[in-house]
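Asks: Dropping the sequence and predicted coords here.
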Amino acid sequence: MHQPTQPSSPLRRIVLAGSLALASLSASAATTLTIAALNNPDMIELKKLAPAFEQQNPDIKLNWVVLEENVLRQRVTTDIATNSGKFDVMMIGTYEAPIWAKKGWLYPMDKLSADYDLNDVVKTARDGLSYGGKLYALPFYVESSMTFYRKDLFSKLGLTMPEKPTYTQIADYAKALKEKGGVYGICLRGKAGWGENMAFLSTLINTNGGRWFDEKWHPTIDSPEWKKSVGFYVDLLQKYGPPGASTNGFNENLTLFASGKCGMWIDATVAAGMLFNPKESQVADKVGFAMAPTGVTPKGSSWLWSWSLAIPKSSRQEAAAKQFVQWATSKDYIKLVAKDLGWTSVPPGTRISTYKQPEYQKAAPFASFVLNAIQSANPTDATLKKVPYSGIQFVGIPEFQSFGTVVGQSISGALAGNTTVDAALKAGQAAANRAVVQGGYQK
């Protein structure tokens, strides 16, 4: 039997309206953080484990924008300089942090939670991300540079890698490995970019007694030290490196070495965790390591860099962003990676407590070596002759990312055989001079 429809009472309508309003409020209450991240194994792991943060903080949702290194730098620089506010958290480094802090573009990393334990963070890392005595980013991982090599091939060929190799020795080893070892003798960054090929090349130039600028801000890119260094680099890779080396950056060389195709690789200490992990590396039980090679001086022969998380002033979600940044750089996050990938692969160089973990010491034979390399790198004394700038593998001025990339492109062209070393350095000299003259550095 059909029942007549009962008219809605005013009370029921009020209750229903209230419920809908609450549902709508709870849906809109979730804060979405857009994170600009680097496309490399450590950051991919962070994205993979990030749902744990969202479960702990159901009112915060994470939106990831994962980019190749050169593209990431371009996008975040444009975003922050134009105040467009597309990102709430940015992956930046020791180059950007003090420069952007000085411009007032970043929120300071103050008022951190009591259990964060900032004093546990390696001092070198904190110093590199500070300006005017304040910290402006929290380090996700910190790196220096080192030499990786194939112990089995060295043994087979009767070669001995010293703890502190020279570049002359490296060239001899590369020749032997290519001619008798059945692998590419050496892999090095060739991809153009101030943080790609110029990161490595700056250390090679430093250790050969060179510098970017003299004390009066005159560029020295056409100097004998640069010609010797870049000529050596181009010759070494053309003779003993992989084909197409001018397009290889960190990720490409990591793949080549981890798959057993390279005899030596000079690059970031962070790669050690990946190369010694049998889940990620086919040569995990065959990797040896030594210090970054030297030339006429040990000064500036190994770099110092920190990939870090910062919050731009253009973000309207400072509180939520700070929650995420603290979680991603915490002791608990390190333990989460250890549980997922093993202690070998935890983010290195950030926390003293990581290096005190017996499990890490056991799993990572490189641990104390890497920490020492990070703590001994000195960005304020990285060249044989005096300079007016700080930085080992970069020049700590805003203009550097522009002219550093031009120099990197010119040298990458020489490596590819499209121009000569002399022509590449001449073009680089002109670009650097133009930048510092326009910037008012030369007095």
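Replies: That came in fine, so what should we check first?
Asks: Show me the strands in the stretch 101-250 of the chain, by range?
Replies: Shown for the stretch 101-250 of the chain, the strands assigned by DSSP state E, counting those that start in this stretch span residues 130-131, 134-135, 138-143, 145-150.
Asks: Quick check: closest non-adjacent residue to Thr383.
Replies: Arg211 (4.4 Å; Cβ to Cβ, 6 or more residues apart in numbering). Heads up, the C-betas are built off the backbone N, CA and C, glycines and all.
Asks: whoops, Tyr95 was the one
Replies: Residue nearest to Tyr95 in three dimensions, not counting chain neighbours: Phe394, with 4.9 Å by Cβ to Cβ, 6+ apart.
Asks: What backbone torsions are found at Leu49?
Replies: Dihedral angles of Leu49 (phi, psi; degrees, to the nearest 10) stand at phi -90, psi -10.
Asks: That one: what's it in contact with?
Replies: Shown in contact with Leu49 (Cβ atoms under 8 Å, 6 or more residues apart in numbering): Tyr333, Leu336, Val337, Asp340.
Asks: repeat that for 6 Å
Replies: Leu336 (Cβ atoms under 6 Å, 6 or more residues apart in numbering).
Asks: A helix includes Thr344, no?
Replies: Yes: assigned with DSSP: H, G, I helix; E, B strand; the rest coil, Thr344 falls within a helix.
Asks: hang on, it packs against Leu275?
Replies: No: under the criterion of Cβ atoms under 6 Å, Thr344 makes no contact with Leu275, lying 9.2 Å away.
Asks: who's more crowded, the two?
Replies: Higher neighbour count among Thr344 and Leu275: Thr344, with 27 against 21, using other Cβ atoms under 10 Å.
Asks: Identify the residues contacting the more buried one.
Replies: Per Cβ under 6 Å, 6+ apart, neighbours of Thr344: Gly273, Phe276, Asn277, Ala363, Ala364.
Asks: Next: Ile334.
Replies: Shown in contact with Ile334 (Cβ under 6 Å, 6+ apart): Val346, Thr354.
Asks: Just the buried residues of the helix or strand hosting it, please?
Replies: Using DSSP states H and E, Ile334 falls within helix 331-341. Across helix 331-341, burial judged by 16 or more other Cβ atoms under 10 Å covers Lys331, Tyr333, Ile334, Leu336, Val337, Ala338, Leu341.
Asks: Ok, stretch 71-79 next?
Replies: Leu72, Arg73, Arg75, Val76, Thr77, Asp79.
Asks: try stretch 162-175
Replies: Neighbour-count burial for stretch 162-175 [16+ other Cβ under 10 Å]: Pro165, Tyr167, Gln169, Ile170, Ala171, Tyr173, Ala174, Lys175.
Asks: now do stretch 322-333
Replies: For stretch 322-333, burial by neighbour count (16+ other Cβ under 10 Å) applies to Lys322, Gln323, Phe324, Val325, Gln326, Trp327, Ala328, Thr329, Ser330, Lys331, Tyr333.
Asks: again with stretch 171-188
Replies: 171, 173-178, 181, 183-188.
Asks: As JSON lines, those residues with pLDDT and distance to Ala382 would be great.
Replies: Output for the buried residues of stretch 171-188, formatted as JSON lines (pLDDT from 0 to 100; distance: Cβ to Cβ, whole Å):
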{"residue": "Ala171", "pLDDT": "98", "distance to Ala382": "23"}
{"residue": "Tyr173", "pLDDT": "98", "distance to Ala382": "26"}
{"residue": "Ala174", "pLDDT": "98", "distance to Ala382": "25"}
{"residue": "Lys175", "pLDDT": "98", "distance to Ala382": "29"}
{"residue": "Ala176", "pLDDT": "98", "distance to Ala382": "31"}
{"residue": "Leu177", "pLDDT": "98", "distance to Ala382": "29"}
{"residue": "Lys178", "pLDDT": "97", "distance to Ala382": "31"}
{"residue": "Gly181", "pLDDT": "95", "distance to Ala382": "33"}
{"residue": "Val183", "pLDDT": "98", "distance to Ala382": "32"}
{"residue": "Tyr184", "pLDDT": "98", "distance to Ala382": "29"}
{"residue": "Gly185", "pLDDT": "98", "distance to Ala382": "28"}
{"residue": "Ile186", "pLDDT": "98", "distance to Ala382": "23"}
{"residue": "Cys187", "pLDDT": "98", "distance to Ala382": "24"}
{"residue": "Leu188", "pLDDT": "98", "distance to Ala382": "19"}
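Asks: Filter those residues down to the ones in helices?
Replies: Those of the buried residues of stretch 171-188 mapping onto helices are Ala171, Tyr173, Ala174, Lys175, Ala176, Leu177, Lys178, per DSSP state H.
Asks: Distance of the last one relative to Asp172?
Replies: By that I understand Lys178. Distance of Lys178 to Asp172, given as Cβ to Cβ, to the nearest Å: 11 Å.
Asks: Now Glu252: closest residue in space, sequence neighbours ignored.
Replies: Lys191 (7.4 Å).
Asks: Make sure the residue nearest to Tyr95 is indeed in a strand.
Replies: No: Phe394 is assigned coil when assessed by three-state DSSP, not a strand.
Asks: now what about the host helix or strand of Ile80, what contacts it?
Replies: Element membership of Ile80, judged by DSSP H and E, is helix 69-81. Contacts to helix 69-81, defined as Cβ under 6 Å, 6+ apart, come from residues Ala36, Leu38, Lys86, Phe87, Met90, Trp105, Gly193, Pro312.
Asks: would a markdown table of the residues you listed with neighbour count and pLDDT be doable?
Replies: What follows is those, written out as a markdown table (neighbours: other Cβ atoms under 10 Å; pLDDT from 0 to 100):
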| residue | neighbour count | pLDDT |
| --- | --- | --- |
| Ala36 | 25 | 98 |
| Leu38 | 23 | 96 |
| Lys86 | 17 | 96 |
| Phe87 | 24 | 98 |
| Met90 | 29 | 98 |
| Trp105 | 18 | 97 |
| Gly193 | 21 | 96 |
| Pro312 | 24 | 98 |
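Asks: quick one: contacts for the spatially most central residue of the chain?
Replies: The residue lying closest to the centre of the chain (Cα atoms, centre = their mean) is Trp307, at 4.5 Å. Listed by Cβ under 6 Å, 6+ apart, the contact set of Trp307 reads Met91, Gly93, Phe140, Tyr141.
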